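> Provided below are the primary sequence and the corresponding predicted coordinates.
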Amino acid sequence: MNLRKHGVAGLAAALVIGLSGVTATSAAAVDEYATITGKVTYKNKPVVGASVYAQGTKGEWGSSATTDATGSYTMAWVDPGTYIVSVANDVYTDGKMSRFDFLQTFAGGTVRAPEAKKFTVAAGSSVTANINAIAGAVVKGKVVDAKGRPAKGVSVYASNTTRAGWGDATTDSKGNYRISGLATGKVSVSAYSANASGEKTVTAKQGSAKTAKTIKLKSQPLGTITGTVKGLKKTDSVWLYNTKSKYSFMIAAPGTKTFKVKQKVEPGTYRLVVGGTNKASKAVTVKAKKTSKAGTLTAPSKRTKVSGTVKGSNGKVLAEASVWVDDSYGTSAGSATTSAKGKYSISGVTNGKYTVSVRDSKNNNAPTEVKLTVKKGKNATKNVKMSKGFKVTGTVKYKSRAVAGVSISGTTAKGGYSWAETSSTGKFTLKGLGKGKVFLTASDPYVGGFLTASKSATIKSKNIKWNVSLKK
């Protein structure tokens, strides 16, 4: 009897020691991490079921949590460091996305990450990051068919036209839709269903819901073009070329020798084209709700190649440049990346006129295009010296304060493009733009942030400056 008592006592003592050991180990592990807690409110009410994220100041992952019935959240096991904390307005339930009426908001009372309050946490410490979500704009309305009946299941898209902001929805059984997550200003609302569409514009305001005028779907009567393409190689593609707009679009990459074309298109005159070969069918006029036959097109059996060396504007060979070749219909024959010695080679061309286009991966040179004529059965050589690239530099400010995180882009009439993001001091540099007209845009990627600013300029023979003053 006494032995049994001692046995039980010993076992109890062992359990106490064991549990103490586990507790001590767990406490030590917890002490290696930090905790971020807080509460999310919107219009002074707790937000339930919202996702909250902690992100490092260099973009590294921190942690996440979901708000409870009181709007509170807790992120445990956070690595020591400095973070910004935000609440997302997207909600995913059973694989479907919906949105709260507020915008993504960062602790510190801003919709912009660069302006968010920073929280530094040490091992074993805890900080509180409360967020009062900023209201977004809501647009609602109705979609009807050509006969004025409610259109169910129609996709509706809305986007701000003067700043960042977008959303989408599907109409209900009464044709109604409601889209949140937008910013103050003009909003374009478009509805699409099968071969019908419609569009309206409404002026939205954050913190309220605006009703757009009813969208009446108008049909887009299409015609059909048919034909047969034979002799295709596995890598060949089939395109349609609009003889009026001189624009081509690919309709198939069959991977088979023979392809039967049956393509719905807008009324117009078209040619079937075997991509990159300068080989096209007769011109066929397609009328609405009618079928037009393009006949049979046979792809060229023999192909040759274009090769050469790419040099920068400084005369030195250029590695890692992107090169592609298009035929006279604007369809692609292929692409390549230059070697360390600036060499490229692209197969699949036949005879006729081609365009060789080159882009510098480092944007030190301006995009360059050169013309080339390939003779049937003969390989072609085309060396390319790129045009000099120019810079656009400047500073982006709001009033007298530099603004970080703004997207700056420059587009030239000849297809040149450059992009940059403003630094913490609001500075930016666009590189690799060619001479001529350039369209410059400063856009804030954060919904509810700044209005988009733009300017047209001309690059002549030197770099230019563009200092931007943003507005809200």
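That came through fine.
> Against Asn463, how distant is the closest residue in space to Gly109 that isn't next to it in sequence?
Spatially, and ignoring its direct neighbours in sequence, Gly109 is nearest to Asn132 (6.6 Å; Cβ to Cβ, 6 or more residues apart in numbering). Heads up, the C-betas are built off the backbone N, CA and C, glycines and all. The gap separating Asn132 from Asn463 is 44 Å, by Cβ to Cβ, to the nearest Å.
> next one: Thr338
Thr338 sits 26 Å away from Asn463, going by Cβ to Cβ.
> The two: which has the busier surroundings?
Thr338 (24 against 14; other Cβ atoms under 10 Å).
> Okay, buried residues for stretch 193-209 please.
Of the residues in stretch 193-209, Ser193, Ala196, Ser197, Gly198, Lys200, Val202, Ala204, Gln206 count as buried by neighbour count, 16 or more other Cβ atoms under 10 Å.
> Can you tell me which of these is nearest Ser307?
Lowest distance from Ser307 to these (Cβ to Cβ) belongs to Ser197, with 45.6 Å.
> Gly207 is in what secondary structure piece?
Remark: Gly207 resides in no helix or strand, with elements defined by DSSP states H and E.
> For it, which residues are in contact?
Neighbour list for Gly207: Ala135, Ala137 [criterion: Cβ atoms under 8 Å, 6 or more residues apart in numbering].
> Kindly report the same for Val265.
Applying Cβ under 8 Å, 6+ apart to Val265 gives the contacts Leu222, Gly223, Thr224, Ile225, Leu240, Val286.
> Reformat those as CSV; add neighbour count and pLDDT.
As requested, the contacts of Val265 are arranged in CSV below (neighbours: other Cβ atoms under 10 Å; pLDDT from 0 to 100):
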residue, neighbour count, pLDDT
Leu222, 16, 93
Gly223, 20, 96
Thr224, 16, 97
Ile225, 24, 98
Leu240, 27, 98
Val286, 23, 97
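> Out of the residues you listed, name the ones that lie in strands.
Gly223, Thr224, Ile225, Leu240, Val286 (DSSP state E).
> and of the residues you listed, the nearest to Ala88?
Leu240 (41.6 Å).
> can you pull out the helices in the chain?
Assigned by DSSP state H, the chain shows helices spanning 2-30.
> Can you give the domain ranges for it?
With domains defined by automatic domain parsing, the chain comprises 34-132, 137-219, 223-298, 304-388, 390-469.
> Please give the centre-to-centre distance between the second one and its chain.
Its chain's C-alpha centre and that of domain 137-219 lie 21 Å apart, by Cα atoms, centre = their mean, to the nearest Å.
> Kindly report the same for the third one.
Centroid separation for domain 223-298 versus its chain: 30 Å, with Cα atoms, centre = their mean.
> returning to that earlier point: just curious, which of the contacts of Val265 is nearest to Lys118?
Once Cβ to Cβ is applied, the member of these that ends up nearest Lys118 is Leu240, at 53.7 Å.
> ok, that closest one - contacts?
Applying Cβ under 8 Å, 6+ apart to Leu240 gives the contacts Ile225, Ser248, Phe249, Ile251, Gln263, Val265, Tyr270, Arg271, Leu272, Val273.
> Could you point out which residue ranges in this structure have low pLDDT?
Scanning the chain for pLDDT under 70 picks out 1-30.
> measure the spatially most central residue of it to Ser423 for me?
Residue closest to the average C-alpha location in the chain (Cα atoms, centre = their mean): Pro445, at 11.0 Å. As judged by Cβ to Cβ, Pro445 and Ser423 stand 15 Å apart.
> Next: Ile215.
From Ile215 across to Ser423, the span is 42 Å (Cβ to Cβ).
> Was I right to think Asn363 contacts Gly432?
Yes. Asn363 is within contact range of Gly432, at 3.3 Å (criterion: Cβ atoms under 8 Å).
> Looking at these two now, which is surrounded by more residues?
Shown here are Asn363 and Gly432; by other Cβ under 10 Å, Gly432 has more neighbours (24 against 20).
> give the contact list for the more buried one.
Contacts for Gly432 (Cβ under 8 Å, 6+ apart) come out as Asp360, Lys362, Asn363, Asn364, Asn365, Ala366, Pro367, Gly389, Phe390, Gly416, Ser418.
> Report the buried members of those residues.
Among these, those buried by neighbour count (16+ other Cβ under 10 Å) are Asp360, Asn363, Asn364, Asn365, Ala366, Pro367, Gly389, Phe390, Gly416, Ser418.
> For the closest residue to the third one other than its chain neighbours, give me its contacts.
What it means is Asn364. Closest residue to Asn364 apart from its sequence neighbours, by Cβ to Cβ, 6+ apart: Gly389 at 5.6 Å. Neighbouring residues of Gly389 by Cβ under 8 Å, 6+ apart: Ser313, Asp360, Asn363, Asn364, Asn365, Ala366, Lys431, Gly432, Leu433, Gly434.
> ok, now how distant is the third one from Asn130?
The one in question is Asn363. Where Asn130 is concerned, Asn363 sits at a distance of 43 Å (Cβ to Cβ).
> Among the ones in strands among the contacts of Val265, pick out the one closest to Lys117, please.
Nearest member of these to Lys117, counting by Cβ to Cβ, is Leu240, at 54.0 Å.
> and the closest one, how far is that from Ile251?
Distance of Leu240 to Ile251, given as Cβ to Cβ: 6 Å.
> So for the two, which residues contact both of them?
Residues within reach of Leu240 and of Ile251 at once, by Cβ under 8 Å, 6+ apart, are Gln263.
> Keeping just the C-alphas, turn stretch 64-80 into PDB.
In PDB, the C-alpha atoms belonging to stretch 64-80 read as follows (Å, rounded to 0.1, in the frame of the first residue of the first chain):
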ATOM      1  CA  SER A  64      -0.900  37.400 -41.500                       C
ATOM      2  CA  ALA A  65      -4.100  37.100 -39.500                       C
ATOM      3  CA  THR A  66      -7.900  37.300 -39.800                       C
ATOM      4  CA  THR A  67     -10.000  39.700 -37.700                       C
ATOM      5  CA  ASP A  68     -12.500  38.100 -35.300                       C
ATOM      6  CA  ALA A  69     -16.000  39.100 -34.300                       C
ATOM      7  CA  THR A  70     -14.600  42.100 -32.500                       C
ATOM      8  CA  GLY A  71     -12.400  43.200 -35.400                       C
ATOM      9  CA  SER A  72      -9.300  42.200 -33.400                       C
ATOM     10  CA  TYR A  73      -6.400  40.200 -34.800                       C
ATOM     11  CA  THR A  74      -3.100  38.700 -33.500                       C
ATOM     12  CA  MET A  75       0.000  37.800 -35.500                       C
ATOM     13  CA  ALA A  76       2.200  35.500 -33.400                       C
ATOM     14  CA  TRP A  77       5.600  34.100 -34.400                       C
ATOM     15  CA  VAL A  78       6.700  37.200 -36.200                       C
ATOM     16  CA  ASP A  79      10.400  37.500 -36.800                       C
ATOM     17  CA  PRO A  80      12.100  40.500 -35.200                       C
END
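> one step back: give the residues shared as contacts by Asn363 and Gly432.
Residues touching both Asn363 and Gly432 by Cβ under 8 Å, 6+ apart: Gly389, Ser418.
> Including distance to Thr162, could the contacts of Gly432 go into CSV?
Shown next, in CSV, are those (distance: Cβ to Cβ, whole Å):
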residue, distance to Thr162
Asp360, 33
Lys362, 33
Asn363, 28
Asn364, 34
Asn365, 34
Ala366, 30
Pro367, 29
Gly389, 31
Phe390, 29
Gly416, 25
Ser418, 23
